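J.: generate coordinates for the sequence data below:
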Amino acid sequence: MENSLNSIFISLYAQRIQVLFAVIGVTITCLVLYCYRKRKPGICGNLRFSKVAYNSITVDWDRACYTTHYRVFLRKPLEGEKWRSFKTKNDTCSFTIKNLPINTNFVFSVCACNGTVQGPLCKESEVISTQNLAFKMKGISILREETLPNYIPVYDVPFRVERNGQLKVRKVTIGDYPKGGAHQVKSILFVSIPHSGHTTHLQGVMNFIFGVSTKDDFRLGFSSDITKKSDEYKNWATVYQFVEYEGGRLDKPLTLVDIPRMHGPKKEQLMMIHEQLKYILELYEQRLDCICFVGPANSNNLSPEEIDFLESIMYLFPNDQSSDLSTDISCFFTFADAGPACLENGLKSSSVKNFKSYFVNWSAFFRETNEFSDSFWNMNIKSLDNFFNHLNASKPKTLRLTLEGEPPAPQKKENVWKLQPEVKEDVANLQMTKTNGENFIDNKTKLTYNLQFFVYNGGNQTN
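T.: Residues are numbered from 1 along each chain as shown. Okay, here's the model as predicted:
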């Protein structure tokens, strides 16, 4: 009996000790948690950006102590700009801010929070920008399956097409219409000759206005549905409407009108092009901002038919003062390099009097970076920058409403007379080249002996 009582007493005592320790443990835990909740969190560090898109930025940072969650702050790096803050759901050290404006600079900061207690802001980040319009277009475009060796991946941009079969006009719309209603549009008429690479040039212009640069690992292109050559669209005019511009290099939408080349009788062709332009420019009060000619820089000259075609198109847009052919145009000379632009000199000798020259070379456009890429890209960007600056300052040109007569025929005799001094100069240069060649042949033996003697003496000249 006595042993049983002792066992019960010892058992009760042990249980009381366990309960006491449990109460003490819970009390200490509560005190620790209470103190932790009141403890000011540490400072975050090492801000870095793990993902940057055209409309979002993901920022990461190192964990701070005594933290239940974080607050992420951002603002534009402008004087007086206020911070915007975002609360994370937990203590994860990463956060993505979405719905940001395209191609816009921001600075970030982060602070740790412990309940309602907020820690100090960390050091402000360097300026980071959302990506430009080119990356947005890449994200919604289709990668071309066939890619040649040493070529950069090309993404064909999505487009919408409207066709007028009666007038033979295609309207290709690229991008989303901007919000806020109608916007001022710049319109350009492109006139090209065969083998000028004008399709590649148009794609180069598109990459420029969307903001593609030489360091980007992609290019934007037209779908083969647009560029493929077919008798179905032989005499069609194609209108490229780049309606989206925010985040790119331009500040307004752009329309490029690519008219067909002359096929068949001149009068019928000109009347057809005139009707096409009247339909296309109806939204712009029968006006356009610039006429662009595209031709290869290394061509010696234009044929009489090509000059006649160019003059006929210029005739459709007379100056306000008169109806002559003095309408100014912009000339893009493709395949330009360090050599002379022969076609530019040829145009100066024709009746195309007033034009501004821009030199481009898109040979490195789709290729991977090489020793020529930077120089060609710099030339292209500079030329297009200058062109669009000129476009913004140029006066609109009004289309003739009616064609009562035909454009004046080219003054061929006058053109020949203008070419005479240049022909004489070229003939003189050829004669000099011939003379130098004959002198070289006459002294070939002597030159060979002197060269051998020069090499034999280790490259040291002796008198």
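J.: against Gly247, how distant is Ile188?
T.: As for Ile188, its distance to Gly247 is 21 Å (criterion: CB to CB, to the nearest Å). For every residue, glycine as well, the C-beta is placed using N, CA and C.
J.: give me the element Cys331 is part of.
T.: Following DSSP states H and E, one finds Cys331 within strand 329-334.
J.: residues in contact with the very next helix or strand once past that strand?
T.: Going down the chain from strand 329-334, the next helix or strand is helix 342-348, by DSSP H and E. Outside of helix 342-348, the residues that reach it under the criterion CB atoms under 8 Å, 6 or more residues apart in numbering are 293, 295-302, 331, 333, 355, 357, 422.
J.: and the next element down the chain from helix 342-348?
T.: Under the assignment DSSP H and E, the closest C-terminal helix or strand after helix 342-348 is strand 355-359.
J.: got the angle for that next one vs strand 329-334?
T.: Inter-element angle recorded for strand 355-359 and strand 329-334: 20 degrees (by axes from the mean of the first three to the mean of the last three CA atoms, to 10 degrees).
J.: ok, back up a step: rounded mean pLDDT for the strand holding Cys331, please.
T.: Averaged over strand 329-334, pLDDT sits at 90.
J.: give me the distance from that strand to the chain's centre.
T.: In terms of CA atoms, centre = their mean, to the nearest Å, the centre of strand 329-334 is found 19 Å from the chain centre.
J.: parallel or antiparallel, which strands does that strand pair with?
T.: Sheet pairing for strand 329-334, assigned by DSSP bridges, gives strand 290-296 (parallel), strand 355-359 (parallel).
J.: point out the most buried one among those.
T.: The highest mean neighbour count among the strands paired with strand 329-334, using mean count of other CB atoms under 10 Å, belongs to strand 290-296: a mean of 23.
J.: now what about it, what contacts it?
T.: By CB under 8 Å, 6+ apart, the surrounding residues in contact with strand 290-296 are 186-193, 195-198, 201, 302, 310, 313-314, 317, 327, 329-335, 343, 347, 352, 355, 390-391, 394, 397.
J.: next SSE after that strand?
T.: The helix or strand immediately downstream of strand 290-296 is helix 304-315, counting by DSSP H and E.
J.: and that next one, what's buried?
T.: Within helix 304-315, the residues that qualify as buried are Glu306, Ile307, Asp308, Phe309, Leu310, Glu311, Ser312, Ile313, Met314, Tyr315, counting by 16 or more other CB atoms under 10 Å.
J.: one more: stretch 174-193?
T.: Residues of stretch 174-193 classed as buried under the neighbour-count rule (16+ other CB under 10 Å) are Ile174, Gly175, Val185, Lys186, Ser187, Ile188, Leu189, Phe190, Val191, Ser192, Ile193.
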